[in-house]
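*Asks:* sequence and predicted structure are below.
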Amino acid sequence: MRPARALLLLAALASGAYAQTSVVGDAWIVGPVLIGTTTASRSRVNVAASSGTLTPFQISGVDLTPFLRVGNDGKVGLSTYSAANLDVNGSGDSANVALQVHSGNLYQSASGRAQIAFGQDGTTNRRHHIDSVHVDSTAHNSLDVLIWSPDAGAANVATMTVVSLVTISTASGATVHVRPAGDPVAELTVSDGGGLGLGTVHAAAQVTPSSRDWKSDISYLGERDAAAAFDRVRGLRHVSFRYGRRKGGGFVRDTRAPLRRGLMYEEVPEILRGPGESVNATQRLVDAEMAFGVLARRLEAIRKEVGP
């Protein structure tokens, strides 16, 4: 082949190969490959573009639709031009987010605080998300799981916190609190889907600290307190009932719920009431023990009066 014709052929090949390079079979990189630079690199493949290059690295289809794209701002997109540090497109090239990882902000905004957001079937609708905040102070030092609700709007991230793990620094170390949304009186609420707090907890042991180290303003109860406890126990009205099923903003009758026995919150004395319209089991036990003491003393007095 003549030199002139060979140069023309090389020029034609070069003009047709600038857009993409095709590799048929395996590509084995055994040494540094430098693209766009002559500076030595410790990596096997180094792509160095000018600061004005918007996309230093991209794997595309023949129509330049991105499959994997790395922008000059460090954002990585999978089948999308990334709007966050990492965007995973859930439905082809429609720009909808299936999974988004974002740096997040310290305080809640419309969409800026969610570090991990999950879309519905590759759309921007109903995005549940996870927030993680690590700061020196205890405020906002938490890991929160939020679910989407209609009030947030179809295209916005979730605003309803269902689980929040909050680290509180103490002299003895750190503790973790689980505080569900919608129940400000409890650190942990277990629900069965029918209503808040209607779930069942299985545990081998439950401990309530009773050492003096945990208590202050200690004073012993006397005969007058025991007599009042006896009257409270005697006046309790026990009922059988079924828990209702949540519907809308309230509860409706549920004939499939198990039949239970207990007390009505509105009918028990104030001293026996607990948070969240509950009846305090510990206070009931104290009253029962004190009432039994009064009854035992009265029976002993009768026995002494009538004789053996």
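*Replies:* Looks like it came in fine. Residues are numbered from 1 along each chain as shown.
*Asks:* okay, now the unreliable bits of this protein?
*Replies:* The model of the chain has pLDDT under 70 over residues 1-27, 29-34, 36-42, 89-114, 119-127, 135-141, 152-157, 166-185, 193-195, 308.
*Asks:* how does it look with 50?
*Replies:* 7-19, 91-95, 106-112, 172-173 (pLDDT under 50).
*Asks:* list the helices and strands the longest helix belonging to the chain packs on?
*Replies:* Ranked by number of residues, the top helix in the chain under DSSP state H is helix 281-306. In this structure, helix 281-306 packs against helix 223-234, with contacts taken as 3 or more C-beta pairs under 8 Å, 6 or more residues apart in numbering; DSSP states H and E. Where you see a C-beta, it was placed from the backbone N, CA and C, and this is true even at glycine.
*Asks:* contacting residues around the helix it packs on?
*Replies:* Pro269, Ile271, Leu272, Val286, Asp287, Ala288, Met290, Ala291, Gly293, Val294, Leu295 (C-beta atoms under 8 Å, 6 or more residues apart in numbering).
*Asks:* that's a strand at Val201, yeah?
*Replies:* No - counting by DSSP: H, G, I helix; E, B strand; the rest coil, Val201 falls outside a strand, being coil.
*Asks:* that one reaches Ser191, doesn't it?
*Replies:* No - counting by C-beta atoms under 8 Å, Val201 stays clear of Ser191, with 11.0 Å between them.
*Asks:* which one's more surrounded, those two?
*Replies:* Ser191 (14 against 7; other C-beta atoms under 10 Å).
*Asks:* burial of Thr81, as a residue count?
*Replies:* Slight slip there: residue 81 is Tyr, not Thr. Tyr81: 16 neighbours (other C-beta under 10 Å).
*Asks:* now it: how far from Thr53?
*Replies:* Tyr81 is 15 Å from Thr53, where distance means C-beta to C-beta, to the nearest Å.
*Asks:* cool, Val207 as well?
*Replies:* 62 Å.
*Asks:* same drill for these two, tell me which one is more crowded.
*Replies:* Ranked by neighbour count (other C-beta under 10 Å), Val207 and Thr53 place Thr53 first, with 13 against 6.
*Asks:* got the contact list for the more buried one?
*Replies:* Asn72.
*Asks:* secondary structure element for it, which one?
*Replies:* Following DSSP states H and E, one finds Thr53 outside all helices and strands.
*Asks:* ok and the longest helix of the chain relative to helix 223-234, angle-wise?
*Replies:* Angle between the axes of helix 281-306 and helix 223-234 is 110 degrees (criterion: axes from the mean of the first three to the mean of the last three C-alpha atoms, to 10 degrees).
*Asks:* what residues of helix 281-306 count as buried?
*Replies:* Gln283, Arg284, Val286, Asp287, Met290, Ala291, Val294 (16 or more other C-beta atoms under 10 Å).
*Asks:* can I get those residues in TSV including distance to Gly197?
*Replies:* As requested, those are exported to TSV (distance: C-beta to C-beta, whole Å):
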residue	distance to Gly197
Gln283	18
Arg284	18
Val286	23
Asp287	23
Met290	28
Ala291	28
Val294	33
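*Asks:* for those, which one is nearest Thr161?
*Replies:* Nearest to Thr161 out of the buried residues of helix 281-306 is Gln283 (C-beta to C-beta; 30.6 Å).
*Asks:* of all the contacts of helix 223-234, which comes closest to Ala48?
*Replies:* Leu272 (74.4 Å).
*Asks:* quick one: residues contacting the closest one.
*Replies:* Arg232, Val279, Asn280, Gln283, Arg284, Asp287.
*Asks:* burial measure for Pro69, as a count.
*Replies:* Quick fix: residue 69 reads Arg, not Pro. 22.
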